[in-house]
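[1] give the three-dimensional model of this entry:
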Amino acid sequence: MELRKYLELFWGKKGLIILTTIVTMVVVATGTYMMTPIYQASALLRIAAATGGSIEYSNYMYIDRLQNTYVEIITSKPILDELKQRLNLNELPKKISVEILPNTELLKITVEDANPIIAAQVANTLLDILIEQSEQLYSGSGKTSVEILTEQLAQTQIEIDRARQVYENLVIQSFELPPTINISPTITLSSTTALIPTIPLTQEVSNTVITNADLDAANQALRLKQETYAMLLSEYDKARIRESIRANMLSVVDPAVVPETPSKPRVGLNLALGLIIGMIGGTGLAFFFEYLDPILYTTEQIEALTGLTTLARIPKINKKQANISQDGFSIKAEAFRNLRTKIQLIDRQRSIKILLMISAEPGQGKSMIVANLAFSLSEAGKRVLAIDGDLRLPKLNKFTVVPNKMGLTEVLEEKIEIEEAIQKSLYNGLFVLTSGSRPDDPATLLGSPQMGTLIKSAGQLYDYILIDTPALIAAADVAMLTHMVDGLILVVKRGYAKRKAVELATKFLEGYPEKTLGVVVNHSEPSENYYGYRRKPAPAKIKQINGQIDAE
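    Numbering: from 1, shown residues only. Prediction:
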């Protein structure tokens with residue numbers, strides 16, 4: 001049932017939903033085509049931080065830090081200033097982003113610009129700058145490890161030469177060869193030999209007696225210098241390998257190409273989103289307006305608001321047709337017969353001879369329902385008196401096709417007797433007491449003792465008395481009659497009745513729970529259970545009654 005209510009709401013507000021969707025689509029399409037096309041160029045850069053072998057957790061942490069470092073470097077001011085200078089740009093593209101691709105050694109540089117050529121050039125130039133300055137960016141402005149080791153090797157070589165000279169001088173002075181002389185192998189440094197200066201060695205001959213201990217000490221000093229040199233040479237080779245690796249650590253995997261189609265605006269996506277947003281917005285507006293809408297559009301809404309039993313659902317009826325009962329077995333005629341049956345069932349349980357039809361506001365079809373219920377009861381062999389208690393805007397005489405020259409007003413003002421005012425209709429068993437002339441104070445007249453006496457005396461002559469009244473919201477006449485009747489029936493016209501007015505009528509009826517019988521829904525939805533027999537009604541046309549115009 002809840003789903004059905006929502007579907008009914010959507011169907012009832014389909015125009016609003018469609019209009020909102022169309023307006024949203026037009027706005028989105030206009031905005032999309034007015035936007036400046038933006039082109040996107042991307043390039044991939046690899047940071048080869050791993051050199052092979054097993055990788056521990058600390059290596060992963062290092063790689064992650066290294067990648068984040070390059071992300072910050074690429075978007076730093078010195079790099080961007082260099083970029084502007086190389087491409088001779090007054091302004092950089094509005095968006096230059098760097099993204100670390102998960103689980104890879106790749107950085108994705110993305111540039112967006114209205115000029116596709118500029119977008120591609122900026123991405124590729126950033127790669128060039130980063131690769132060219134990678135060594136400086138890595139080590140900063142200080143010396144590299146190779147340079148430092150080269151200087152140390154040169155200094156150590158000088159110290160070796162001096163130690164060797166000292167040792168050789170001691171040998172010469174001792175006039176004998178040392179028991180063991182280990183001369184270090186010749187060491188060739190392609191990149192450092194030129195850096196080692198030529199040191200002139202002087203020979204100082206002394207007459208001091210050279211002992212074996214002196215020779216051993218000089219030899220040991222030479223060996224230590226040679227071992228230091230060998231260690232520095234090993235570190236030098238490793239440093240050269242590391243710097244060679246770092247020199248190739250940054251490499252271009254996929255350079256940026258000039259994009260042929262713009263990345264923004266995405267026309268298809270924008271239109272799809274506009275369609276979705278429009279439908280959602282239209283649905284939201286439908287619920288909002290439904291919440292604000294004061295009109296009751298469904299029988300379920302009327303039942304939920306009033307909390308009353310629905311005595312009958314009367315479909316929309318042609319105003320030209322007076323007696324619906326003559327419509328054979330149509331849904332309209334059956335609706336009034338069902339109402340008649342329910343009234344009679346209630347009457348058997350507790351006596352309800354005098355019924356007061358009320359409505360929350362004018363135009364609810366109350367007079368039409370009083371007349372047709374009177375027709376239906378008279379067809380069932382009951383003597384029925386229909387009284388037009390609406391002294392302000394009488395209509396009952398039009399539906400019962402009787403003149404309204406003298407009626408209830410004249411009886412209450414004691415100008416005529418009730419027998420003179422009651423008129424016999426064209427239908428057996430149906431009698432009508434029209435409103436008569438309009439009095440100055442209808443409420444006082446209806447609440448007078450004469451009205452109570454009239455109803456009491458009429459109740460002895462008729463099986464049912466149906467009283468039509470003005471709307472509750474328009475007059476206080478109804479309150480004057482409630483204590484004189486046996487039952488109260490609320491008439492609500494679906495699609496016309498306002499929520500606030502029906503709420504006021506419901507609160508009024510709450511003061512008479514023992515007399516309130518239920519609600520009659522006028523202009524109700526077609527019944528799903530009625531199929532009809534398609535019997536043609538007997539035509540009933542009244543030519544003229546006491547000078548009244550023809551009624552069809």
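[2] next up, identify which helix or strand residue 152 is on.
    helix 145-174 (DSSP states H and E).
[3] other SSEs contacting the next helix or strand along the chain from that helix?
    Toward the C-terminus, helix 145-174 is succeeded by helix 212-247 as the next helix or strand (DSSP H and E). Under the contact criterion of 3 or more Cβ pairs under 8 Å, 6 or more residues apart in numbering; DSSP states H and E, helix 212-247 touches helix 134-139, helix 145-174. The way it works is simple: take the backbone N, C-alpha and C, and place the C-beta from them, glycine included.
[4] mind checking which of the ones you listed is nearest residue 281?
    Using Cβ to Cβ as the measure, helix 134-139 is the one of those that comes nearest residue 281, at 51.4 Å.
[5] what mean pLDDT does that closest one have?
    Throughout helix 134-139, pLDDT has a mean value of 60.
[6] same deal with stretch 110-117?
    Mean pLDDT, stretch 110-117: 92.
[7] still on that earlier bit, turn the helices and strands packed on helix 212-247 into CSV, including distance to residue 456.
    As requested, the helices and strands packed on helix 212-247 are exported to CSV (distance: least, Cβ to Cβ, whole Å):
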stretch, distance to residue 456
helix 134-139, 110
helix 145-174, 122
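[8] between the ones you listed, which gets the lowest average pLDDT?
    helix 134-139 (a mean of 60).
[9] show me what counts as buried in the helix or strand hosting residue 15.
    Following DSSP H and E, one finds residue 15 within helix 14-34. Buried residues in helix 14-34, counted by 16 or more other Cβ atoms under 10 Å: 16, 17, 20, 21, 24, 25, 28, 32.
[10] the residue nearest to the fourth one when sequence neighbours are not counted: what's it in contact with?
    In this case it means residue 21. Leaving aside its chain neighbours, residue 21 sits nearest to residue 278 (3.4 Å; criterion: Cβ to Cβ, 6 or more residues apart in numbering). Residues near residue 278 by Cβ atoms under 8 Å, 6 or more residues apart in numbering: 20, 21, 22, 23, 24, 25.
[11] how about 6 Å then?
    Taking Cβ atoms under 6 Å, 6 or more residues apart in numbering, we find residue 278 in contact with 20, 21, 24, 25.
[12] export those to a markdown table and tack on pLDDT?
    Putting those into a markdown table (pLDDT from 0 to 100) gives the following:
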| residue | pLDDT |
| --- | --- |
| 20 | 92 |
| 21 | 92 |
| 24 | 92 |
| 25 | 91 |
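[13] returning to that earlier point: show me what the helix or strand following the helix holding residue 15 is packed against.
    Next helix or strand after helix 14-34 toward the C-terminus (DSSP H and E): strand 39-47. Judged by 3 or more Cβ pairs under 6 Å, 6 or more residues apart in numbering; DSSP states H and E, the packing partners of strand 39-47 are strand 106-113, helix 116-132, strand 250-254.
[14] which among these is found nearest to residue 520?
    strand 106-113 (68.0 Å).
[15] could you dump the closest one to CSV, C-alpha only?
    The C-alpha trace of strand 106-113 is given here as CSV (Å, rounded to 0.1, in the frame of the first residue of the first chain):
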residue,chain,number,x,y,z
LEU,A,106,55.7,5.4,-10.9
LEU,A,107,54.8,9.0,-10.6
LYS,A,108,52.0,10.4,-12.8
ILE,A,109,52.3,14.1,-13.7
THR,A,110,49.0,15.5,-14.9
VAL,A,111,48.6,19.0,-16.5
GLU,A,112,45.4,20.6,-17.4
ASP,A,113,45.2,23.7,-19.7
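[16] return the list of strands paired to that strand, each annotated with direction.
    Neighbouring strands of strand 106-113 in its sheet, by DSSP bridges, are strand 39-47 (antiparallel), strand 95-100 (antiparallel).
[17] neighbouring contacts of it?
    Against strand 106-113 from outside (Cβ under 6 Å, 6+ apart): 38, 40-46, 93, 95-99, 101, 119, 122-123, 126.
[18] can you give the distance of stretch 34-48 from its chain's centre?
    Taking the mean of its C-alpha atoms, stretch 34-48 sits 31 Å from the chain's own mean (Cα atoms, centre = their mean, to the nearest Å).
[19] since that was my last question, I'll sign off now.
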